[in-house]
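K.L.:
Fold the following, please.
(one chain, ligands or ions: 1)
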Amino acid sequence: MKTRITELFGIEYPIFQGGMAWIAEAQLASAVSNAGGLGLIAGGSAPIDHLREQIRKCKSLTDKPFGVNIMLMSPNAEDLAQLVIDEGVPVVTTGAGNPGKFMAAWKQAGVKVVPVVPSVALAKRMERSGADAVVAEGTESGGHIGENTTMCLVPQVVDALEIPVIAAGGIADGRGIAASFMLGAEGVQVGTRFLASDECVIHPTYKELVVKAKDTDSVVTGRYTGHPCRNVKTKFSKKLASGETNGSITPEEFEELTLGSLRKAVQDGNLEEGSFLCGAIAGMIKEVKPCKDIIEEMFEQAEKLLGR
Ligand code: TUI
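P.N.:
Numbering: from 1, shown residues only. Reported below is the predicted structural model:
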């Protein structure tokens, strides 16, 4: 399935793996890249030495292209933005903000830049600043999200831009890929499906929550802080959601309660205090598999549906 995305990034399948903070490290990224997609290491708010180590580990595990996601709300985003240049990382995706101030340096260094955007307005700004492609991310995604849905956002971004668009949010099988292509996308970004992969190094409790989730087991918390996040429903996320609705948790208390909560989910499987970020499509995911099988099965199904 050749598109401008496979051409531009030198990959076999037009699929990016989501840059999931604390989760997407060298092992997952290299597995996705080795399977013919574009694996991404998440910078998150990692210390610079940790990200450098992960980049070098990824290079030792794959000869294929891979990228790094820069989470722009991170206090050390500036240092991480420079690190990807120094380490010769071929592709950068960004999230949770406008990467405008880093674009010139990345472009000058020959880094391909793919901002993740939740709106047409930001997508157009990114094209004007020299982005190579954008990920149009719908509110079905896990983690920090915008308001518009994948179905509504993707075709509007496609219509507004010349550069290729990658669809994200709610895609976990070949039907999601085929639908994205029908909306005009030339690639997909997938996060949640890779949570339930053999190579994803997260606490077994996290994988179990994804595999056992039903269609209604996803909840958005933190709208009142300005940083809404989609999570799996747990005792903790339900407590946050009800505290937000009934006013028993102030936005300041919410920030305190959620500080470090992703690490507690990923490393400790802590159901009392952990935020298990996850997309709304988790209900469809039933099995943990190798990344290679996930990607090959998704594209086999998509190609059949698209009649290719
Ligand atoms: O970034 C993501 N997903 C994430 S980041 C993250 S870590 C985090 N934790 C707590 C609070 C905030 C972040 C977990 N999941 N996806 C891409 C994405 N970008 N979603 C929404 C946006 C976005 C929002 C506003 C991008 C740009 C933007 O622009 C604002 C502006 O300055 O124009």
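
K.L.:
Close to the ligand: what parts of the chain are there?
P.N.:
Proximity of the chain to the ligand (C-beta under 6 Å from any ligand atom) is limited to residues 21, 71, 73, 95-98, 116-118, 122, 137, 143-146, 227, 229, 277. All C-beta atoms are positioned from the backbone trio N, CA, C, and that covers glycine.

K.L.:
Surely Cys278 is in contact with Lys233?
P.N.:
No - counting by C-beta atoms under 8 Å, Cys278 does not reach Lys233; the two are 9.5 Å apart.

K.L.:
Those two: which has the busier surroundings?
P.N.:
Cys278 (30 against 17; other C-beta atoms under 10 Å).

K.L.:
for the more buried one, what are its contacts?
P.N.:
142, 192, 195, 209-210, 213, 218, 230-232 (C-beta atoms under 8 Å, 6 or more residues apart in numbering).

K.L.:
now with 10 Å?
P.N.:
Residues near Cys278 by C-beta atoms under 10 Å, 6 or more residues apart in numbering: 20, 141-143, 191-192, 195-196, 206, 209-210, 213, 217-219, 229-233, 237, 265, 285.

K.L.:
what does Glu287 give?
P.N.:
196, 211, 293-294.

K.L.:
Could you rerun that using 8 Å?
P.N.:
196, 211.

K.L.:
Tell me which stretches of the stretch 151-300 of the chain form strands.
P.N.:
With DSSP state E, counting those that start in this stretch, the ranges of strands along the stretch 151-300 of the chain come out as 165-168, 187-190, 218-221, 229-232.

K.L.:
Please name whichever of these is nearest to Arg308.
P.N.:
For the strands of the stretch 151-300 of the chain, proximity to Arg308 was assessed by C-beta to C-beta; strand 187-190 is nearest, at 15.0 Å.

K.L.:
From the contact counts, what lies against the closest one?
P.N.:
Here strand 187-190 touches strand 15-17, strand 165-168, helix 174-182, going by 3 or more C-beta pairs under 8 Å, 6 or more residues apart in numbering; DSSP states H and E.

K.L.:
count of neighbours near Glu253?
P.N.:
Neighbours around Glu253, by other C-beta under 10 Å: 12.

K.L.:
how deep is the closest residue to it other than its chain neighbours tucked in, by neighbour count?
P.N.:
Closest residue to Glu253 apart from its sequence neighbours, by C-beta to C-beta, 6 or more residues apart in numbering: Gly243 at 7.7 Å. Neighbourhood size, Gly243 [other C-beta under 10 Å]: 16.

K.L.:
residue contacts, the residue nearest to Thr3 when sequence neighbours are not counted?
P.N.:
Spatial nearest neighbour of Thr3, excluding adjacent residues (C-beta to C-beta, 6+ apart): Glu186 at 3.8 Å. Neighbouring residues of Glu186 by C-beta under 8 Å, 6+ apart: 3-5, 14, 133, 164-166.

K.L.:
hmm, 6 Å instead?
P.N.:
Contacts for Glu186 were tallied using C-beta atoms under 6 Å, 6 or more residues apart in numbering; they are 3-5, 164.

K.L.:
what's the distance between the residue in the stretch 101-250 of the chain positioned nearest to the ligand and Lys289?
P.N.:
Residue nearest to the ligand within the stretch 101-250 of the chain (C-beta to the nearest ligand atom): Gly143, separated by 2.3 Å. Going from Gly143 to Lys289 by C-beta to C-beta, to the nearest Å gives 22 Å.

K.L.:
cool, and Leu153?
P.N.:
29 Å.

K.L.:
Which one's more surrounded, the two?
P.N.:
Using other C-beta under 10 Å as the criterion, Leu153 and Lys289 rank with Leu153 on top: 26 against 17.

K.L.:
Can you check my assumption that Leu83 lies in a helix?
P.N.:
Yes - membership of Leu83 in a helix is supported by DSSP: H, G, I helix; E, B strand; the rest coil.

K.L.:
ok, it - how many residues close by?
P.N.:
19.

K.L.:
now do Asp63
P.N.:
10.

K.L.:
May I see the buried residues of stretch 58-66?
P.N.:
58, 61-62, 64-66 (16 or more other C-beta atoms under 10 Å).

K.L.:
With stretch 71-90 instead?
P.N.:
For stretch 71-90, by 16+ other C-beta under 10 Å, it's 71-72, 74, 76-77, 80-81, 83-85, 89-90.

K.L.:
Reformat those residues as CSV; add pLDDT.
P.N.:
Formatted as CSV, the buried residues of stretch 71-90 follow (pLDDT from 0 to 100):
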residue, pLDDT
Met71, 98
Leu72, 98
Ser74, 97
Asn76, 96
Ala77, 98
Leu80, 98
Ala81, 98
Leu83, 98
Val84, 98
Ile85, 98
Val89, 98
Pro90, 98
